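**Student:** give me coordinates for this.
(chains A and B)
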Protein chains: 2
Amino acid sequence: MNIYNNIADIRQSRWADPQLSWGLVPTMGYLHEGHISLVERARQENDRVGVSIFVNPTQFNDPKDLAVYPRNLERDLAMLQAAGADLIWTPTPEQVYPPEYQTYITVETVTQVLEGAARPGHFRGVATVVAKLFNVFQPHRAYFGQKDAQQVAVIKRMVQDLNFNLTVISCPTLREADGLAMSSRNVNLTPEARQQATCLYQALSAAKAAFEQGERSANHLRQMMTVVIQAAPLARIDYISITHPDTLMELETLEQTALFSMAVFMGKVRLIDNMQMVS
Amino acid sequence: MNIYNNIADIRQSRWADPQLSWGLVPTMGYLHEGHISLVERARQENDRVGVSIFVNPTQFNDPKDLAVYPRNLERDLAMLQAAGADLIWTPTPEQVYPPEYQTYITVETVTQVLEGAARPGHFRGVATVVAKLFNVFQPHRAYFGQKDAQQVAVIKRMVQDLNFNLTVISCPTLREADGLAMSSRNVNLTPEARQQATCLYQALSAAKAAFEQGERSANHLRQMMTVVIQAAPLARIDYISITHPDTLMELETLEQTALFSMAVFMGKVRLIDNMQMVS
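**Tutor:** Predicted coordinates for the structure are as follows:
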């Protein structure tokens, strides 16, 4: 496993044999089993796997969130070694955004709602850094977790619009034994908030059960999820949403595939979760 | 020479032999000797040469300018065949910007002045379409005319910021016998305006002579160029500028390399020209 912070070193390693296919797993580090499942999927589908570890400052709309974002490079590298990753990029913020830096990518419509509405500038930072990662690694396939469903929708839209020559692959959310979606941010939950944080999964599961029994009114399903979340004393709902999975337009009646998603503050930590449901 | 409008066909032709190096010459068609000089330079430096012909609507801030932009695909293709181009992309606007299209690239500081100030949105359209062309052709080198000096500065900045794995090569402006910079727009000049349009070259040449004799005051040099332009009855100055060649920040005293540039309406046609001067 090669670990570099310089782009020139990454490119040299990437292009040592131009015949090989590459998968890329972009991460912000503090890896968990969800990330590792992306690396494993990338290994199955490509000759080589690249991973980036970079806590991207331009996608944090809240400086406090950036300040407390957890980091543990040594443990990350050990996990990636064990998972069989080949090439790791660990740049500094100055290498990614040098002093004269001034270029940004905006995906317009699909970023106006949900996370994009709650976190101004977030997806501009995501789209920009992901485009840079694509150009640094030039992968054939790039792997993202479905937990960040809107991120997947934004990146798929960017790849299609800007004609990046690669395939975006969205992988299932991994969950703790009690259903909480794995997230690097979970470590910042207080013990009490951690316990109550299962309310997101419970709300989605309740909606799923109702959906499978034939409930097709988005209003009813949103109301059901709201009630479940509100039963957790530490929970404060940011949004609860039922949308088209690609356009993220809010639905009234569920006919085909729908994305159920939510953002909930558990104490000071903002958690997101989602499920896709298919009629 | 292969001519396609489909991206899939372009990619297949581009990647038929992954070992070959590729040069790209992006154009809006209605080719002149300036474009052909780019194709010839690209042939010298690469195994294969790709050319795009696309009048990009998103870079026209003025719909009237887009409406009268000259086109002659048949003649363009004959010229490219004679020049030895290998692969031509001639997409429709709907292929480049399908209905759900929503992704744009903004280069911030360097687009705030000169053409960027005079033509709102112009460089957002340029940066976006050029990034798409880079991703469609994936060239090793891309060739642009120095006549569009700010365009070169913007694209170089974008390539550096977004880590595109290619080199931007800026090629000298070609001129008619009387000094007028070659441009597809020259065909729209009335005979009288065409005759007076040499004032741009004359103004730049006068400034160059003074510069070479030691004049280092940007104010004096700008004043000199203004006087020359104003001697042409049909000329209306949009801007006359002396800047750093990369940052495009206006200079007061000329110490190292400087970019002398101008935009002048000759009747209804807006012309640009520039020269770089090195102390």
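**Student:** okay, CA-based contacts and neighbour counts for the rest of this
**Tutor:** Noted.
**Student:** up against chain B, what does the stretch 51-200 of chain A have?
**Tutor:** Within reach of chain B by Cα under 8 Å from any Cα of the partner chain, the stretch 51-200 of chain A has these residues: A:97, A:101-109, A:128, A:131-132, A:135-136, A:157-158, A:161-165.
**Student:** give me the three-state assignment for A:V25.
**Tutor:** What DSSP: H, G, I helix; E, B strand; the rest coil gives for A:V25 is strand.
**Student:** and it, how many neighbours?
**Tutor:** 25 (other Cα atoms under 10 Å in any protein chain shown).
**Student:** same deal with A:G50?
**Tutor:** With other Cα under 10 Å as criterion, A:G50 counts 28.
**Student:** correct me if wrong, but it is in a strand.
**Tutor:** Yes. The assignment for A:G50 (three-state DSSP) places it in a strand.
**Student:** ok, and what's touching stretch A:160-174?
**Tutor:** A:33-34, A:38, A:139-147, A:152, A:155-156, A:159, A:181-182, B:97, B:101-103, B:128, B:131-132, B:135-136 (Cα atoms under 8 Å, 6 or more residues apart in numbering or on different chains).
**Student:** filter the residues you listed down to just the ones in strands.
**Tutor:** The strands, defined by DSSP state E, take in A:R141, A:A142, A:Y143, A:F144, A:G145, B:T103 from the contacts of stretch A:160-174.
**Student:** wait, doesn't the first one sit right on A:W22?
**Tutor:** Yes. Applying Cα atoms under 8 Å, one finds A:R141 in contact with A:W22, separated by 6.7 Å.
**Student:** who touches both of the two?
**Tutor:** Shared contacts of A:R141 and A:W22 (Cα under 8 Å, 6+ apart): A:N46.
**Student:** what helix or strand is A:Y201 located in?
**Tutor:** Element membership for A:Y201 (DSSP states H and E) is helix A:199-212.
**Student:** how far does that helix sit from its chain's centre?
**Tutor:** Put simply, helix A:199-212 sits 21 Å off its chain's centre (Cα atoms, centre = their mean, to the nearest Å).
**Student:** restrict the helix or strand of chain A at the bottom of the mean pLDDT ranking to CA atoms and write it as PDB.
**Tutor:** Across the helices and strands of chain A, mean pLDDT, DSSP states H and E gives its lowest value to helix A:63-68, namely a mean of 94. The C-alpha trace of helix A:63-68 is given here as PDB (Å, rounded to 0.1, in the frame of the first residue of the first chain):
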ATOM      1  CA  PRO A  63     -16.700  25.900  11.400                       C
ATOM      2  CA  LYS A  64     -17.600  24.300  14.700                       C
ATOM      3  CA  ASP A  65     -18.600  21.100  12.900                       C
ATOM      4  CA  LEU A  66     -15.200  21.100  11.100                       C
ATOM      5  CA  ALA A  67     -13.300  21.700  14.400                       C
ATOM      6  CA  VAL A  68     -14.800  18.700  16.100                       C
END
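**Student:** next SSE downstream of that helix?
**Tutor:** helix A:73-83.
**Student:** packing partners for that following helix?
**Tutor:** helix A:33-45 (3 or more Cα pairs under 8 Å, 6 or more residues apart in numbering or on different chains; DSSP states H and E).
**Student:** just to revisit the earlier point, settle it for me: which of A:R141 and A:W22 has more neighbours?
**Tutor:** Just comparing A:R141 and A:W22: by other Cα under 10 Å the higher neighbour count belongs to A:W22, 23 against 20.
**Student:** and the more buried one, what are its bridge partners?
**Tutor:** Beta-bridge partners of A:W22, counted by DSSP bridges, are A:R48.
**Student:** A:I240 now?
**Tutor:** A:I240 forms beta bridges with A:M262, as assigned by DSSP bridges.
**Student:** that one against A:A263, yeah?
**Tutor:** Yes. Judged on Cα under 8 Å, A:I240 makes contact with A:A263 at a distance of 6.7 Å.
**Student:** could I get the contacting residues of A:S13?
**Tutor:** A:L87.
**Student:** for it, grab phi and psi.
**Tutor:** Main-chain torsions, A:S13, degrees, to the nearest 10: phi -70, psi -40.
**Student:** from chain B, how far off is it?
**Tutor:** The gap separating A:S13 from chain B is 14 Å, by Cα to the nearest Cα, to the nearest Å.
**Student:** and the pLDDT for that residue?
**Tutor:** A:S13 carries a pLDDT value of 98.
**Student:** residue nearest the centroid of chain A?
**Tutor:** In chain A, the C-alpha nearest the mean C-alpha coordinate belongs to A:D148, at 3.4 Å (Cα atoms, centre = their mean).
**Student:** could you measure it against A:P57, distance?
**Tutor:** 17 Å (Cα to Cα, to the nearest Å).
**Student:** which pair in the ones in strands among the contacts of stretch A:160-174 has the greatest spatial separation?
**Tutor:** Greatest spacing in the ones in strands among the contacts of stretch A:160-174, by Cα to Cα: A:G145 and B:T103 (21.8 Å).
**Student:** while we're on A:I10, how confident is the model there?
**Tutor:** pLDDT, A:I10: 98.
**Student:** ok, it - contacts?
**Tutor:** A:Y4, A:L87, A:I88, A:W89, A:V136, A:F137.
**Student:** only whichever of these are buried, select them in PyMOL.
**Tutor:** The PyMOL selection below is limited to those of those classed as buried (16 or more other Cα atoms under 10 Å in any protein chain shown):
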select buried, chain A and resi 87+88+89+136+137
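**Student:** adding pLDDT and distance to B:D273, write the contacts of A:I10 out as TSV.
**Tutor:** Formatted as TSV, the contacts of A:I10 follow (pLDDT from 0 to 100; distance: Cα to Cα, whole Å):
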residue	pLDDT	distance to B:D273
A:Y4	98	44
A:L87	98	47
A:I88	98	46
A:W89	98	43
A:V136	98	35
A:F137	98	38
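**Student:** okay, the contacts of A:I10 in JSON lines with distance to A:E45 next?
**Tutor:** Formatted as JSON lines, the contacts of A:I10 follow (distance: Cα to Cα, whole Å):
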{"residue": "A:Y4", "distance to A:E45": "23"}
{"residue": "A:L87", "distance to A:E45": "16"}
{"residue": "A:I88", "distance to A:E45": "18"}
{"residue": "A:W89", "distance to A:E45": "20"}
{"residue": "A:V136", "distance to A:E45": "20"}
{"residue": "A:F137", "distance to A:E45": "16"}
